[in-house]
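Trainee: turn this into a model:
(chains A, B, C and D)
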Number of protein chains: 2
Amino acid sequence: MTVENRMASIHEPRMHQMCGHDPAEAEAFRSILSRIGDKWSLMLVGMLHEGPLRFTELKQMTPGISGRMLTHTLRQLERDGLVEREVFAEIPPRVEYRSTPLGKSLAVPALAIAEWASAHQGEISANRERYDEAAD
Amino acid sequence: MTVENRMASIHEPRMHQMCGHDPAEAEAFRSILSRIGDKWSLMLVGMLHEGPLRFTELKQMTPGISGRMLTHTLRQLERDGLVEREVFAEIPPRVEYRSTPLGKSLAVPALAIAEWASAHQGEISANRERYDEAAD
DNA sequence: CAGGATCCGTGGTGATACTG
DNA sequence: CAGTATCACCACGGATCCTG
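Mentor: Next comes the predicted model:
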């Protein structure tokens, strides 16, 4: 039995039981997955897991993100209760973002995904190249 | 120290080390996350983790998916080497999809995300409602 | 049965300019 | 500094029709 099979058999969740049959629950389920799976949320949750950061710090640590998307994504995370926003009445303004307990609990499986992606990105890139050139 | 903090400190991955600074690596990283985060990939990987399934079976188990998206998503998963496609030369045609070892390894953290979503969807829904009505 | 082809609407994303 | 407002794009995804 492989490591993966042993790990899976511990919880043994059935995907089609989570998302299937009840349309409302399936909708809620997918709305969470799409939040997790959007372009920036997972990265921001992972970064805030290490400690509070302010807007500009997050922007610098996240290569390629625009100010607009950083604001928007943080608002969504705040709406879901994954992130807290604290505004300091100073000049110049200072805003700190920190992970909530709910956000920290998400960071655990999220970082597991990130590790998986990091560990297998070479293999996946090779698979893609092989698939694409096999298409002639 | 919370459970989450202890668990995180075991692997202690730094998100900004995984995705940051090297633009090519960040691109590869996000391309994997977007695959995971799209509308159907995670569900299909989870279903195929339990055993091989044919096209129609997958379609029936995945409420709301169109034939077009099922085909398209399976092609992407096949391209990444997460899923294998076997065509049987029969009439009527029969095609089986099965998870590769790489796909099974992804299913572990993917199902962890799915469990998290399932466990916290009530809390998140409540957070969203509170946030939305606080906006007046 | 398992798709391929085509059309099309929607939403997520980025660029830019502006503000308290 | 930390946003907001506006415009524009195009990839994602659905509906429909056709085929080996």
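
Trainee: give me the pLDDT value at the closest residue to residue A:35 other than its chain neighbours.
Mentor: Spatial nearest neighbour of residue A:35, excluding adjacent residues (CB to CB, 6 or more residues apart in numbering or on different chains): residue A:41 at 5.6 Å. Heads up, the C-betas are built off the backbone N, CA and C, glycines and all. pLDDT for residue A:41: 93.

Trainee: equivalent analysis for residue A:1, please.
Mentor: At residue A:1, the model reports a pLDDT of 52.

Trainee: ok, and the closest non-adjacent residue to the residue in chain A positioned nearest to chain B?
Mentor: Nearest residue of chain A to chain B: residue A:37, at 1.4 Å (CB to the nearest CB). Spatial nearest neighbour of residue A:37, excluding adjacent residues (CB to CB, 6+ apart): residue B:37 at 1.4 Å.

Trainee: next, count neighbours for residue A:45.
Mentor: By the measure other CB atoms under 10 Å in any protein chain shown, the count of residues near residue A:45 is 24.

Trainee: which SSE is it in?
Mentor: helix A:41-48 (DSSP states H and E).

Trainee: give the contact list for residue A:48.
Mentor: A:58, A:83, A:97-99, A:103 (CB atoms under 8 Å, 6 or more residues apart in numbering or on different chains).

Trainee: same list (these) but as JSON lines, adding distance to residue B:109, neighbour count and secondary structure.
Mentor: Shown next, in JSON lines, are the contacts of residue A:48 (distance: CB to CB, whole Å; neighbours: other CB atoms under 10 Å in any protein chain shown; DSSP: H, G, I helix; E, B strand; the rest coil):
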{"residue": "A:58", "distance to residue B:109": "24", "neighbour count": "21", "secondary structure": "helix"}
{"residue": "A:83", "distance to residue B:109": "22", "neighbour count": "22", "secondary structure": "strand"}
{"residue": "A:97", "distance to residue B:109": "25", "neighbour count": "22", "secondary structure": "strand"}
{"residue": "A:98", "distance to residue B:109": "25", "neighbour count": "15", "secondary structure": "strand"}
{"residue": "A:99", "distance to residue B:109": "19", "neighbour count": "25", "secondary structure": "strand"}
{"residue": "A:103", "distance to residue B:109": "18", "neighbour count": "23", "secondary structure": "helix"}
